[in-house]
Structure formats: C-alpha cells, structure tokens
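1. next comes the sequence, and after it the predicted model I'd like to discuss.
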Amino acid sequence: MHEKCPNCLSVRIGKNNYGKKTAGMVGSSAGAYGGFSAATAGARAGAALGIVAGPVGATVGGIGGAVIGALLGGATGASAGVILGDVLDDRVLDNYRCLDCGYFFSVDSDSPDDIR
C-alpha cells in the first residue's frame, strides 16, 4: 500500500470498509427476502396447478424451493451490496485510518500514483 497519512505521514494505514460491510449485509437480507418471496409464490402456483406428486410432494417441493430461492437471492444480494459498498468506500466515505495517529481520510483516485 502506497498511501500515507496526510496528518502524520505514517505508512501504517488500515481500511475500514464500513460501506462494503453494511451494503453487503443489507443486500444479503433484501436478496434473501426477495428470493424467498419469489420461490414461495412459485411454489404456491405449482401446488395450485397440479398436485401430481400428491400433497406431500407439493409441500416438500415448495419448502425446498423457498429455501433454495432464499439462499440464491441472499448470495446475489450480498454480491451486489458488496460491489455498491466498495464504490461507496472508495468515493464517498473516509475509508482509510492511520494506525499511528487514528486520523480518518480518503485517497484521491485522480492522483498520479493511481494512473496506470
């Protein structure tokens, strides 16, 4: 890491990643709820259209579909949340913390060191 603290010029710098953590958690929760809701609605429709496998098969399939939908939705939501949180950390929040003096700061992404 080539960042230096603008307050004390220390090179001992840490990252907070508050945006990434928070947005990942919110995205995971929202995705799990959305996936569960969609899977539950699909299971209800499937059970209403045809109970070919019998009531037990429709129930087990509905519960399994809801659980799988919640897991997949949660994973997708978490991924989207982490990407959004990473952008927030880099562009909006003071994501860096000096481990020597405790100063919080952000790094200018247009600095000559970052141009590749």
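-> Structure received. Numbering: from 1, shown residues only.
2. all contacts plus neighbour counts: C-alpha atoms, from now on.
-> Will do.
3. what's near enough to touch the nearest residue to residue 15 once chain neighbours are set aside?
-> Leaving aside its chain neighbours, residue 15 sits nearest to residue 96 (4.6 Å; criterion: Cα to Cα, 6 or more residues apart in numbering). By Cα atoms under 8 Å, 6 or more residues apart in numbering, the contact set of residue 96 is 13, 14, 15, 16, 104, 105, 106, 107.
4. so which strand or helix has the spatially most central residue of the chain?
-> The centre of the chain sits closest to residue 24, judged by Cα atoms, centre = their mean, with a distance of 2.2 Å. Take DSSP states H and E as the rule and residue 24 turns out to sit in helix 18-49.
5. in this structure, where's the longest helix?
-> If you go by DSSP state H, the chain has its longest helix at helix 54-91.
6. that older thread, the helix holding residue 24 to helix 54-91, inter-axis angle?
-> Calculated by axes from the mean of the first three to the mean of the last three Cα atoms, to 10 degrees, helix 18-49 forms an angle of 160 degrees with helix 54-91.
7. work out the gap between helix 18-49 and the centre of the chain.
-> Averaging C-alpha positions (Cα atoms, centre = their mean, to the nearest Å) puts helix 18-49 13 Å from its chain's average.
8. output the contacting helices and strands for it.
-> Here helix 18-49 touches helix 54-91, going by 3 or more Cα pairs under 8 Å, 6 or more residues apart in numbering; DSSP states H and E.
9. give the buried residues for the helix it packs on.
-> Using 16 or more other Cα atoms under 10 Å as the test for burial, helix 54-91 gives 58-59, 61-63, 65-86, 88-90.
10. re earlier: let's test this: mean pLDDT of the longest helix of the chain, rounded?
-> Averaging pLDDT along helix 54-91 yields 78.
11. beyond that helix, next helix or strand please.
-> Proceeding N to C from helix 54-91, the next assigned helix or strand is strand 96-98, under DSSP H and E.
12. can you give me the mean pLDDT across that next one?
-> 91.
13. so what strands line up beside that strand?
-> Taking DSSP bridges as the criterion, strand 96-98 forms sheet pairs with strand 13-15 (antiparallel), strand 104-105 (antiparallel).
14. report the distance from the first one to the chain centre.
-> Here strand 13-15 is found 21 Å from its chain centre; the criterion is Cα atoms, centre = their mean.
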